[in-house]
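J.: using only what follows, build the 3D model:
(one chain, ligands or ions: 2)
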Amino acid sequence: MTNSVNKKKAARKAFKHGKITFKWCRNCATLILGEKCSVCGNTGRTFSVTMPGDLRPCLDEGNLIIKRLFEKHFDIPNPFNGLQILLNKIPGIDRADEIIVDGWLIGTISFDPIIDDFRLELKVDGARALVDVAKSGIIEIRPPGGHMKGKTISGKFVERVHGKFDVNDPVIVVAGDYICAGIARASSNRIFDAEKGVGIRDVGKGRVVFSKKKTCWSKFIQANIDHFKYLESKAVSDVKSYLRNNSNIPVTLSFSGGKDSLACYEIMRRTSIDFSLLFVNTGLEFPETVKYVRCFAEKCGLKLLVADAKDEFWKNVDFFGPPAKDFRWCCKVCKLAPLTSLIESHFPNGTITIEGNRIFESFARARIAFVDANPFVPNQIILNPIREWRAIEVWGYIWWRHLDYNPLYEKDYERIGCYLCPACLASEWKITRELHPDLTRSWEKYLMHWASRFGLPMEFVRYGFWRWKILPSKMKKFAAVVNLPVSHTRSDGIQMKMAPGASPCISGGYTIEGVLNIPRRRNFSKIAELLKTIGSVRYSDEYQIVMVRNKIGNAKVFGGGQIVSTASCPTDAKRLFEATTKALLRSQLCTECGVCVRSCGMKAITLDDGPLISDEKCTRCGKCSDVCVVAHYYDKLVS
Ligand code: SF4
Ligand code: SF4
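T.: Residues are numbered from 1 along each chain as shown. Ligands and ions are numbered 1, 2, ... in the order given. Presented below is the predicted three-dimensional model:
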């Protein structure tokens, strides 16, 4: 089986829909990660959460949010005092997490961008745990007969309510012997007359009794010490055995200031192999992260190499527009470009870089292997020693080894990156607004300016629609909720029209045609340079036509932006059309970031008002187009 097939299988497995089971030690009141509890030998009670199950501990600010929500809805002060709380990320419009308390899935929290706050949904085990202590949010009903799960119960069945609640608040419903998790469909003072009184989400029986033992995270480490020893020794031995066979290549550790790279630091330290820290300062890092990284390197006595993007983001943002989750030009400009420069100058013969990538982080990362060549940075080999670790394992390891982590985690950030990253959640943006009002104000001001330039409404900024070029279906639905036409969510002024599919050509073969509308930034002749990376080129300045030919077919580009590709089969015609369109994009929109120059192993590119290609050196491998941020526009234009 090929490596790529293996990677796809791993990705599918980690992110398939459904539930995954974990174990909870009742004696020690903590999660068990291995076969049994290392303290008491208990094999534990099982509980299930949504896949992929990247459980993480709920830290300071997160605890306060959960405490506030349960106090608000059920009037229980400090409901989970001394109990371990875990969170598990689930899909949602914004941040959404399952809440696990004492090994029971008791509810979910989700951030609602409209109210700019979290909402709580109760699960049946939460209702069973809290029914005897809640002073508010309880509805007693006469069982209506038949199944209740998923039904809406009329107010005429309501016998008594405890405390006040509003429409859509989570409630505990007591129906005879049954205890249900519900949602109020009417407020507490109207419910008795309401046709729709309360929705029943799930139905259970009996009580859930939380442990009386106070527990702390050090108990979790003790209970899993054998597991952590195993994780560490496997990671250390994997790294050591790879490096033993490549001892002539200098080693670096990609240190972002996040928890995963911190765990990798400790693994590297235990290999006793020399390494330096690599930090990419995108110019958009949180001040806390920059300070933390510098202090950490100093404290550990490690050499810190900083790839500094300086103000590249701000130099490019007018051109590309706000970065989007599906158009992260910023990563290429602010990460890849400075990193390739740094590696080129410090490690001309290459480096092996240890990275903290984990498969449970995202579907894209689910495909990573232990050894990965960086496709965009020549001479960089990546090792991913913690790729199979879950977030809770990373945290346990950090606590076990007493490592100092970035203080931003205590503020309830799930991941730490650039402060204006389009991958940030609205919930995280809210935290940033409180922590760094100056940074958020200036970015929001920029977004407002950009929105008015393209005639977009303020909802585009307010609800974070700027974070996508093409909205995923969940955001399309959200756009409908806030009455925002999808066409008003994002436009960057570049357009392409393509005739649908390939048409048979009279002279044989298949043809694809399209028109690319882009601002002309350079002379049309520049396209001839870029087409050299595809095949042999003929150019007529008089007629403003350029033609490229290679072994799969030929393509023509006309001065008005028309592109025609012809090949013997539709697939090849499409490939050629794509390569030609990308060349046209690069010829006009190149920002001279230099990423392609550094990624070309043949040293065939120089920059002079856009790329110049050496015909003698170029092997037409296409790598320069793969790494180019403006060529990436193509994917957006055709989708
Ligand atoms: S990366 Fe270099 S060799 Fe490959 S197509 Fe581009 S210019 Fe040519
Ligand atoms: S063509 Fe090269 S230099 Fe220009 S934007 Fe693309 S990667 Fe950067």
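J.: so for the nearest residue to residue 109 once chain neighbours are set aside, what pLDDT did the model give?
T.: Leaving aside its chain neighbours, residue 109 sits nearest to residue 118 (4.9 Å; criterion: Cβ to Cβ, 6 or more residues apart in numbering). (C-beta placed from N, C-alpha, C; glycine too.) In this prediction, residue 118 carries a pLDDT score of 97.
J.: and after the helix or strand hosting residue 118, which helix or strand comes next?
T.: Taking DSSP states H and E as the definition, residue 118 sits inside strand 117-122. On the C-terminal side of strand 117-122, the closest following helix or strand by DSSP H and E is helix 124-130.
J.: low-confidence stretches in the stretch 1-150 of the chain?
T.: Across the stretch 1-150 of the chain, the ranges flagged by pLDDT under 70 are 1-16.
J.: go again using 80 as the cut-off
T.: 1-17 (pLDDT under 80).
J.: which positions in it make contact with ligand 1?
T.: Taking Cβ under 6 Å from any ligand atom, no part of the stretch 1-150 of the chain reaches ligand 1.
J.: where do the strands sit along the stretch 1-150 of the chain?
T.: 19-25, 30-32, 45-50, 56-57, 85-89, 96-101, 104-112, 117-122, 138-141 (DSSP state E, counting those that start in this stretch).
J.: what sits against the residue nearest to residue 109?
T.: Applying Cβ atoms under 8 Å, 6 or more residues apart in numbering to residue 118 gives the contacts 65, 69, 109, 110, 111, 112, 427.
J.: so which of the residues you listed comes closest to ligand 2?
T.: Ligand 2 lies nearest to residue 427 out of these, by Cβ to the nearest ligand atom, at 33.7 Å.
J.: buried sites along the helix or strand that contains the closest one?
T.: Assigned by DSSP H and E, residue 427 falls within helix 426-435. By neighbour count on 16 or more other Cβ atoms under 10 Å, the buried set for helix 426-435 is 426, 427, 428, 429, 430, 431, 432, 435.
J.: out of those, who's nearest residue 522?
T.: Closest approach between the buried residues of helix 426-435 and residue 522, by Cβ to Cβ: residue 429, at 37.0 Å.
J.: the closest one against residue 440, yeah?
T.: Yes - counting by Cβ atoms under 8 Å, residue 429 does reach residue 440; the two are 7.0 Å apart.
J.: returning to that earlier point: any idea which of the strands of the stretch 1-150 of the chain is most buried?
T.: When you average the neighbours per residue for each of the strands of the stretch 1-150 of the chain (mean count of other Cβ atoms under 10 Å), strand 30-32 leads with a mean of 25.
J.: closest point of the stretch 101-250 of the chain to ligand 1, which residue?
T.: Closest to ligand 1 within the stretch 101-250 of the chain is residue 249: 22.9 Å, counting by Cβ to the nearest ligand atom.
J.: leaving out chain neighbours, which residue sits closest to that residue?
T.: residue 352 (5.1 Å).
J.: I'd say that neighbour and residue 251 touch.
T.: Yes - here residue 352 reaches residue 251: they are 5.2 Å apart, a contact under Cβ under 8 Å.
J.: quick one: residue 134 from residue 165, how far?
T.: According to Cβ to Cβ, to the nearest Å, residue 134 and residue 165 sit 11 Å apart.
J.: more neighbours, those two?
T.: residue 165 (25 against 21; other Cβ atoms under 10 Å).
J.: quick one: list the elements packing against the helix holding residue 427.
T.: The helices and strands touching helix 426-435, judged by 3 or more Cβ pairs under 8 Å, 6 or more residues apart in numbering; DSSP states H and E, are strand 104-112, helix 437-453.
J.: roughly how far is the longest one from the heart of the chain?
T.: What it means is helix 437-453. 23 Å (Cα atoms, centre = their mean, to the nearest Å).
J.: equivalent analysis for stretch 552-569, please.
T.: On the basis of Cα atoms, centre = their mean, stretch 552-569 is displaced by 37 Å from the centre of the chain it belongs to.
J.: for that stretch, which positions count as buried?
T.: Buried residues in stretch 552-569, defined by neighbour count with 16+ other Cβ under 10 Å: 552, 553, 554, 555, 556, 557, 561, 563, 564, 565, 566, 567.
J.: the last one reaches residue 576, doesn't it?
T.: Read that as residue 567. Yes - Residue 567 is within contact range of residue 576, at 5.6 Å (criterion: Cβ under 8 Å).
J.: got any residues that touch both of those two?
T.: In contact with both residue 567 and residue 576: 552, 553, 554, using Cβ under 8 Å, 6+ apart.
J.: just to revisit the earlier point, max pairwise distance over the buried residues of stretch 552-569: which two?
T.: Farthest apart among these by Cβ to Cβ are 552 and 561. That separation is 22.7 Å.
J.: and the residue lying closest to residue 193 once chain neighbours are set aside, how many neighbours does it have?
T.: Counting by Cβ to Cβ, 6+ apart, residue 193 lies nearest to residue 155, which is 5.6 Å off, once chain neighbours are set aside. Residue 155: 18 surrounding residues under other Cβ under 10 Å.
J.: quick one, phi psi at residue 155?
T.: With angles defined as degrees, to the nearest 10, residue 155 sits at phi -60, psi -20.
J.: wait, doesn't it sit right on residue 187?
T.: No - assessed by Cβ under 8 Å, residue 155 is found out of contact with residue 187, at 10.9 Å.
J.: thinking again about what came up before, beta partners for the residue nearest to residue 109?
T.: Counting by DSSP bridges, residue 118 is bridged to residue 111.
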